[in-house]
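K.L.:
What follows is a protein structure lacking sequence information:
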């Protein structure tokens, strides 16, 4: 299931990403990792459900370092 179609000229004007939502849960984007901050909690898919790419790892490590250094 795709929650939001947006790539290509025929889709939503001004949008530039697709969010994949198997079983109604946002997992990742076509070109990106999905992160949501809600009530001071970082929400993202488990690595068993989404690719664990370099950018994702850097963001998560950076957040862990901030948490432990404050």
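P.N.:
Sure thing, it's come through. Note that the structure is a prediction, hence the values are computed from the model and not measured.
K.L.:
all strands for the protein, in order.
P.N.:
2-4, 19-20, 28-29, 35-38, 41-44 (DSSP state E).
K.L.:
Give the full set of residues in contact with the most centrally placed residue in the chain.
P.N.:
Closest residue to the average C-alpha location of the chain: residue 34 at 0.6 Å, with Cα atoms, centre = their mean. Contacts for residue 34 (Cβ atoms under 8 Å, 6 or more residues apart in numbering) come out as 19, 26-28, 44-45, 50. All C-beta spots, glycine's among them, are computed from the backbone N, C-alpha and C.
K.L.:
next one: residue 49
P.N.:
Residue 49 neighbours (Cβ under 8 Å, 6+ apart): 25, 27.
K.L.:
I'd like the distance between it and residue 40.
P.N.:
23 Å (Cβ to Cβ, to the nearest Å).
K.L.:
Pretty sure residue 29 sits against residue 44.
P.N.:
No. Residue 29 lies out of contact with residue 44 (Cβ atoms under 8 Å); the separation is 11.4 Å.
K.L.:
on that earlier part again, so can I have JSON lines of the strands of the chain showing mean pLDDT?
P.N.:
As requested, the strands of the chain are arranged in JSON lines below (pLDDT from 0 to 100):
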{"stretch": "strand 2-4", "mean pLDDT": "47"}
{"stretch": "strand 19-20", "mean pLDDT": "76"}
{"stretch": "strand 28-29", "mean pLDDT": "78"}
{"stretch": "strand 35-38", "mean pLDDT": "83"}
{"stretch": "strand 41-44", "mean pLDDT": "83"}
